[in-house]
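J.: dropping the sequence and predicted coords here.
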Amino acid sequence: MPGDRHGWLRCLLGGAVFVVCMAGTTLPTPLYPLYQEKFGFSELTVTVVYAVYAFGVIGVLLLAGNASDAIGRRPTLLWGLGFAAASAVCFLCADAVGWLYAGRLLSGFSAGLFTGAATAFVMELAPPGGASRATLVATAANMGGLGCGPLLAGLLAEYAPAPLLLPFAVHLALVAVSAVVLLGLPETVGERKSLASVRPQRPALPAQVRAVFVPAAIASFVGFALFGVFTSVSPAFLARYLHVDNHAVSGLVVALAFFASTAGQVAVGHFGAARSLPLGCAVLFIGLVLLAGAMYTELLVLVVLSAVVGGTGQGLAFRAALSVVAAAAPADRRAAVISALFVVAYTGISIPVIGVGLLADPLGLEGAGLVFIACMLVLVASAGAYLLRRMRPGGH
């Protein structure tokens, strides 16, 4: 039907805008070794620059997480694209590390506005009865966009001139095109309010949700921590210990983790959320073991396998965590409970990443990575064991 075709076209265009925004948040990943060489900063600085992004996301989720419900999807997403453009300008102007901090913080603001608003927008643009497929489009756009960032930057840095400028100039142009596309899409929020109606959202954890929330939050924390460490320090590890100096290869390795996460999220529909959460913990455990093996043996094949397996586990665990937590939460507290889960998840790509940076100086990058992996293995094994015990007859 023509109406369905137009609806799916709008849905896909909304998804494309989502991809562009999320790609900008991971664009600097394969470029961190070049920034280290240019500015002469330590591994700790790399991890703090990376983690600043998470603080931006958390701040927006807490202070303006419901903005698109109030002022509309398009205005919120236009603000998000504005922050994405400002982030790209910071990286284009970067002649000191302070510009990198500013760029990452603005990128966090952009992602914080996009994460919920773009997901809702893509689903609302789909034709009636297309909720399941639209959810897949939103999921693929989110994680696929995160994967496209390092892939694009790595290719441009390796095979085109001006490796610290061209990726951000290209992204700035894509953001401008996305703004035009967004202005051509219909607003999906009927009754809009003023900006003054946007209120900070305090994460909530009602008593009946806690038993489900704790293991779900731990699995989400570990999955995001794995992504955080992978995207912040893996290019330096590949260059320093495996002598992989090709930026396109390091960008591809990181991108594989995000693409695998998309596949893991799709697989939740096959296994069901209840079984996917402990399964995701198990797959995450294997991915972490493979990463430890990669650091110990310095084999590229194990790095690639850890990216694919760990990414799949993260996708399984996080989508299942969102599903089970949302199902357990009372309807009038659901948004606040989901916000709490996102805050825990994004804490996973800040605190542990900075911890690795702190340990990298006394222990070396390999030693710091192994300490991180040991801590994450304990956490994800505990969450998985608890979930399996609850699934047994008579479990509590």
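T.: Arrived safely. Residues are numbered from 1 along each chain as shown.
J.: tell me the average confidence for the longest helix that the chain contains?
T.: Ranked by residue count under DSSP state H, the longest helix found in the chain is helix 351-391. Mean pLDDT, helix 351-391: 90.
J.: so which elements touch that helix?
T.: helix 43-64, helix 210-241, helix 273-297 (3 or more Cβ pairs under 8 Å, 6 or more residues apart in numbering; DSSP states H and E). For every residue, glycine as well, the C-beta is placed using N, CA and C.
J.: Throw those into TSV and include mean neighbour count, mean pLDDT and distance to residue 164, thanks.
T.: Shown next, in TSV, are those (neighbours: other Cβ atoms under 10 Å; pLDDT from 0 to 100; distance: least, Cβ to Cβ, whole Å):
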stretch	mean neighbour count	mean pLDDT	distance to residue 164
helix 43-64	22	90	14
helix 210-241	24	90	14
helix 273-297	22	93	28
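J.: how about a markdown table for the ones you listed, with distance to residue 18 added?
T.: Output for the helices and strands packed on helix 351-391, formatted as a markdown table (distance: least, Cβ to Cβ, whole Å):
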| stretch | distance to residue 18 |
| --- | --- |
| helix 43-64 | 15 |
| helix 210-241 | 18 |
| helix 273-297 | 23 |
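J.: so for residue 190, which of these sits nearest?
T.: helix 43-64 (20.2 Å; Cβ to Cβ).
J.: who does the closest one touch, helix- and strand-wise?
T.: helix 32-39, helix 97-125, helix 210-241, helix 334-347, helix 351-391.
J.: ok now the longest one, how far from the chain's centre?
T.: Distance of helix 351-391 from its chain centroid, counting by Cα atoms, centre = their mean, to the nearest Å, is 18 Å.
J.: repeat that for the fourth one.
T.: Helix 334-347 has its average C-alpha position 14 Å from the chain's average C-alpha position, going by Cα atoms, centre = their mean.
J.: residue 150 is nearest to which of the helices and strands packed on helix 43-64?
T.: helix 210-241 (7.1 Å).
J.: which ones are touching residue 320?
T.: Counting by Cβ atoms under 8 Å, 6 or more residues apart in numbering, residue 320 touches 216, 219, 268, 273-274, 276-277, 280.
J.: from residue 239, how far off is it?
T.: Separation of residue 320 from residue 239 (Cβ to Cβ, to the nearest Å): 35 Å.
J.: before we move on, the earlier item: using JSON lines, please lay out the helices and strands packed on helix 43-64 together with distance to residue 311.
T.: Shown next, in JSON lines, are the helices and strands packed on helix 43-64 (distance: least, Cβ to Cβ, whole Å):
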{"stretch": "helix 32-39", "distance to residue 311": "19"}
{"stretch": "helix 97-125", "distance to residue 311": "18"}
{"stretch": "helix 210-241", "distance to residue 311": "8"}
{"stretch": "helix 334-347", "distance to residue 311": "15"}
{"stretch": "helix 351-391", "distance to residue 311": "14"}
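J.: and of the ones you listed, who's closest to residue 191?
T.: helix 97-125 (14.0 Å).
J.: can you give me the angle that closest one makes with helix 334-347?
T.: 140 degrees (axes from the mean of the first three to the mean of the last three Cα atoms, to 10 degrees).
J.: what angle separates helix 97-125 from helix 32-39?
T.: Counting by the same axes, to 10 degrees, helix 97-125 lies at 150 degrees to helix 32-39.
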